[in-house]
Each structure stands twice: as C-alpha cells, then as structure tokens.
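Visitor: structure, please.
(2 chains)
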Amino acid sequence: MKGDQEFVKEVTSQMVDFSQWYLDVVLKAELMDYAPVKGCMAIRPYGYAIWEHIQQLLGERIKATGHKNAYFPLFIPQSLLQKEADHVEGFAPEVALVTRGGGEELAEKLVVRPTSEAIICSMYAKWVQSWRDLPLLINQWCNVVRWEKNTRPFLRTSEFLWQEGHTVHATEAEAEEETLKMLGVYREFVENELAIPVIAGRKTEKEKFAGALRTYSIEALMSDGRALQAGTSHNLGQHFARVFGIQFQDRDDELKYAWQTSWGVSTRLIGALIMVHGDDRGLRMPPRVAPVQVVIIPIIMKKKREEVLAKARELMQRFAGTLRLELDEREGYSPGWKFNEWEMKGVPLRLEVGPRDLENGGVTAVRRDTGEKSFVPETELEQCLPMLLREIQEGLFQQALRFRRENTRYAENFGQFKEIVVEQKGFVLAHWCGEAGCEERIKEETKATIRCLPLEEMDGGKVEGPCICCLKGRGKIVYFARAY
RNA sequence: CGGGGUGUGGCGCAGCUUGGCAGCGCGCCUGGUUUGGGACCAGGAGGUCGCAGGUUCAAAUCCUGUCGCCCCGACCA
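Guide: Sure thing, here's the model as predicted:
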C-alpha cells in the first residue's frame, strides 16, 4: 500500500508514535469517546457492535461447554471481599467504595465489584450441598470497576465490560480440567474469530490472580512489539471454598470443600484487535467480528445517477440476510472521502458501484487487508463475497502469525536478552530457573516480565537449560516481553 | 504516586514575551455546482479563553492558588 499519508492525515503514523496512533484510531473510528470521569469511556455504537459480536461468538462457546448465564450484584459488602486474604490484598488498592445511600451513612460499606469471586462464592455456599449439585457451571456478563491510575481506552479503564465464569467442582482434577478447557476455548475463539494468534501458558506465582492456586493466560503480541494478556483462567483450588464455606457431601458420605475455577475476557480484547491488525490508515477488522463486513459505495455521477443507486440498493437487498453490509448513500461526500472513512473504520471489504461497473455487469471489490482491487461479475457475487471475507479473515491471522514468528527470539545469555528487549521488542524465549528473585531482577533491569510458561513445553518436558539470569539453576524455556 | 506536557468555538492551533475589538484552518448549517482515492463557490451559526482569587482604567495575556486531561514511568484484565 503506497503513500498512506496521502490519504489519511488524521491518524498519526504508527512509526512516529504508536501510542498516539492508537488514541487517534479509537476516537476517529468512533469506537469510543472520553466520558467526564477519568478512565471511563462511552463505547460508541461502532465499538459496541464489536463487543456484541464477541459476546455472541464467545457466548455460544461458553454455553456449548455446559455453562449457563446468570447475574450477580454490583455491590459487595466489604466484609465479603475481605474474607480471602490474598484476594483482598490484591484488590484493595483499586476498589471503589460506596459509603452513603439514601442520604444516610451505610452500616456496612459496599465495594463496587472489581471481580465477583466474593459475592458469587457467598451465593454458591447456599447452593452447593451435595455432589449431585456439582459441577456448578455459571457465567456472567457484566461491568466491573477497578480504580486505575494509568488508564487507556479499552486496554485499561476504570470501568470495563467483561465475562466471568465461576465454576465449582468435586475434585481438584476436575477443576484443573475445567481451567484448561476454558483456556482452550479462549485460545480457539481469539484465534479463529479475532484472528489473533496467542500463546497459552501458565502464569508465574508473582503474576497469578490474587487468591488463585494457579493462573493460566493467553498472550498476544501487539504490532509495536509489546505483549498483551488477552484472557485468563484460574484454578482457585479450595481457597475460596474454605473461607466462604462451600462444602458438599460426597458419594462417600464425607463433607468436603469444593474446588473452583474462574475465567474471564474483557473489552480489552477490542484493544488487542486494534493493535494487532490496525495500520496507518486505521482499523482492519476481521470479518467475523466486523460491525460492517461490506460497505457499498455508489459512484454517483450526473449521468447514471439513478441506475447506480438502484443497483446499489438492489445489492443491499440481495445480501441483507447473509452479510452485515452498509450502503453509503450520503450526498456531498466524494467517493474518495468515503473510501478513507470506511478504511479508517476497518471495514474488510468495499464494493464500488459506478457507471463503469454497470457497463461491465459487476462491481469493483477492494480488500482492506491488502488493498487489492478486483472486478466481480454480478453472477458470481454470492460465491465471491463470502469467499473474499474468509480469505481476509485468514489473511489477517496469517499476517499476525508471521509477525509474531518474526518477533519471537531466543536469548542465549542475559546480554543478548537485554539487547532483544530494548532493540527489537517482541517475545523473548529464555531459560528460567523458577526463582522469583531472578524473575524480579530481570524485570527491574529490562522491564520485561514473564508472560507465561508455555503449555506445550511444560507438557512435553522439553529441553532444560541454565537460567538466563542466575546461570545456576536450570529450567525450561519461558516467554518474556514488555507488556501492556 | 513521581517526571514531562497541555488547557482559547465540535477538532487542531495562533494570539501571551511587550495588557487595549478573540482570530485562523478543518468540521457544522443553508443554497448551488460537483462526485472512480479526503471537490468547489457563496452565505451563515457557534467561544463568560479550565476554574477561583488578585493587580489594573482595562486581563486570554501579568501574579497567586486550584482542577482537569494527555504522554512517560512505579502497580494492575
């Protein structure tokens, strides 16, 4: 694609300032707008449509794996949040507290949920009594509030939307299986629907969820070379069951504490979508979640005006049931202006219908991912459009995958490690002994954190080597990166 | 919470040094000509210059205080 700046003056180039590029894009593409409260945003219709597709596509997978949706309260009595020691400690700095209601001081302060383990567990304690009640598989879609100091649209906001699954099981093995199963669901969903390749792995002790036994995550690489945690799945062990009293009587008559999991993805996925696929002309939406999959731009000249419009409207009718398409009939905007605007919004496929196309008996199709133009005869549209969209979906994934491969490097020693982190960015693979001290030192010296201990290597028990940091201990290869 | 920056029509900015009619570009509205990669002409609407106090005949401009926002770090989905 040549001369991007010729076309789009409103978006800062990624090379010049990636962070500014991101902010330009989210605003100009009308995904969100800043609200009066710091760190809070209005998600505009175009941005919310992406979230709705995520809800739909991930939602059906969550249901297909046996989970049911439910809803729990926004307010959590402070005492409930404080039950699990690690949990409180982890969230205390970022909770919002309600101290007054109905014009009176509240007897007990209410926490605005930063996550729902506490309130849900308090309910589960009532619902679980017998092994016959298990497994209990519930999911909720809601908003949560975490008082963040440093906020960025979609990536880190004071309030965000997410989905949180909370399950209860009779055995540790079952809970672990569930934890990994949902991590797998996330991986498949993010790769196939959002076209974002991810590394699935386990978090270190330092990085795990406050109150969890083990935390797993999927990690994606943004096009500026920084990593982003795109989803997490926790094996909560019996930590919460013990403090909330979730017990059940098992087949063997014994009263036992239950095993739990929780897992979630948030509107942060929209941030990932933007940063993985976007380019200097704006967004590039994967067709599967694109609010608009195909935009029709009529090229209205003085002469064939009516014929062109009639054809464009006919196309709308023809595909209204099968594709998400939009016809841009606005007067007073030149075709070129419309091209740029819809490109900024990342619409995967543009169809141009003009006098020339009418004469040739078809439309001009232009791909957002490659910029490639082609002529599609009218008789082949039904076959061609879905095919093009599939190619774009696959193309975006392959492009992101290639980028990740090219930006994943193995470091032999600490010197090389630092050089990669600073100069080249991306994922760095290196041996790590497993000691928190080394993890900490690496972070202090390079700002890179352990993103995860990849599942593949863990299972295979592959090559061990001397720790990149201390050289003494031996360990497996883990993923490092500077992260969002 | 540290470091830096910035607040002037919807957006981007100039004006501040040296106090004296609040301006420019884009966008918006109306009408007309246009329309195959951000068209043009004419007319028009829109701002208590972040907020509070002070100095002055007079403050966007000088002084004091305060708040918001943005960027970079420390902490986090």
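
Visitor: check contacts around the nearest residue to A:Ala227 once chain neighbours are set aside.
Guide: Among residues not flanking A:Ala227 along the chain, A:Ala481 sits closest, at 3.7 Å (Cβ to Cβ, 6 or more residues apart in numbering). C-beta coordinates here come from the backbone N, C-alpha and C atoms, glycine included. A:Ala481 sits next to A:219, A:221, A:225-227, A:421, A:425-428, A:448-449, A:451 when contact means Cβ atoms under 8 Å, 6 or more residues apart in numbering.

Visitor: got it, and A:Leu429?
Guide: Neighbours of A:Leu429 in contact, by Cβ under 8 Å, 6+ apart: A:408-411, A:477-480.

Visitor: swap the cut-off to 7 Å and go again
Guide: A:408-411, A:477, A:479 (Cβ atoms under 7 Å, 6 or more residues apart in numbering).

Visitor: filter those down to the buried ones.
Guide: A:408-409, A:411, A:477, A:479 (16 or more other Cβ atoms under 10 Å).

Visitor: rebuild those residues as a markdown table, extending it with pLDDT, distance to RNA strand B and secondary structure.
Guide: What follows is the buried ones among the contacts of A:Leu429, written out as a markdown table (pLDDT from 0 to 100; distance: Cβ to the nearest atom of the strand, whole Å; DSSP: H, G, I helix; E, B strand; the rest coil):
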| residue | pLDDT | distance to RNA strand B | secondary structure |
| --- | --- | --- | --- |
| A:Thr408 | 93 | 20 | strand |
| A:Arg409 | 92 | 20 | strand |
| A:Ala411 | 92 | 19 | coil |
| A:Ile477 | 92 | 22 | strand |
| A:Tyr479 | 94 | 15 | strand |
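
Visitor: most neighbours out of the contacts of A:Ala481, which is it?
Guide: A:Leu221 (30 neighbours; other Cβ atoms under 10 Å).

Visitor: helix, strand or coil for the closest residue to that one other than its chain neighbours?
Guide: Spatial nearest neighbour of A:Leu221, chain neighbours left out: A:Arg404 (4.7 Å); criterion: Cβ to Cβ, 6+ apart. Three-state call for A:Arg404 (DSSP: H, G, I helix; E, B strand; the rest coil): helix.

Visitor: so where does A:Glu207 fall, helix or strand?
Guide: A:Glu207 belongs to no helix or strand when assigned by DSSP states H and E.

Visitor: per-residue confidence for the residue nearest to A:Ala227?
Guide: Looking at A:Ala481, its pLDDT is 93.

Visitor: which residues does it bridge with?
Guide: Beta-bridge partners for A:Ala481, by DSSP bridges, are A:Thr449.

Visitor: what residues are up against the residue in the stretch 351-484 of chain A that RNA strand B sits nearest to?
Guide: Nearest to RNA strand B in the stretch 351-484 of chain A, going by Cβ to the nearest atom of the strand, is A:Gly354, at a distance of 2.3 Å. A:Gly354 sits next to A:299, A:308 when contact means Cβ under 7 Å, 6+ apart.

Visitor: find me the pLDDT at it, would you?
Guide: Per the predicted model, pLDDT is 96 at A:Gly354.

Visitor: quick one: it and A:Phe375, what's the gap?
Guide: 12 Å (Cβ to Cβ, to the nearest Å).

Visitor: got it, and A:Gln56?
Guide: 33 Å.

Visitor: who has more neighbours, the two?
Guide: Between A:Gln56 and A:Phe375, counting by other Cβ under 10 Å, A:Phe375 is the more crowded of the two (14 against 11).

Visitor: returning to that earlier point: looking at the buried ones among the contacts of A:Leu429, spot the one nearest A:Ile62.
Guide: Nearest to A:Ile62 among the buried ones among the contacts of A:Leu429 is A:Tyr479, at 26.4 Å by Cβ to Cβ.

Visitor: let me see the ranges of the strands in the stretch 301-450 of chain A.
Guide: A:325-327, A:349-353, A:362-367, A:373-377, A:408-410, A:427-431, A:449-454 (DSSP state E, counting those that start in this stretch).

Visitor: out of those, nearest to A:Glu148?
Guide: strand A:449-454 (17.9 Å).

Visitor: what separates that closest one from the chain centre, distance-wise?
Guide: 18 Å (Cα atoms, centre = their mean, to the nearest Å).
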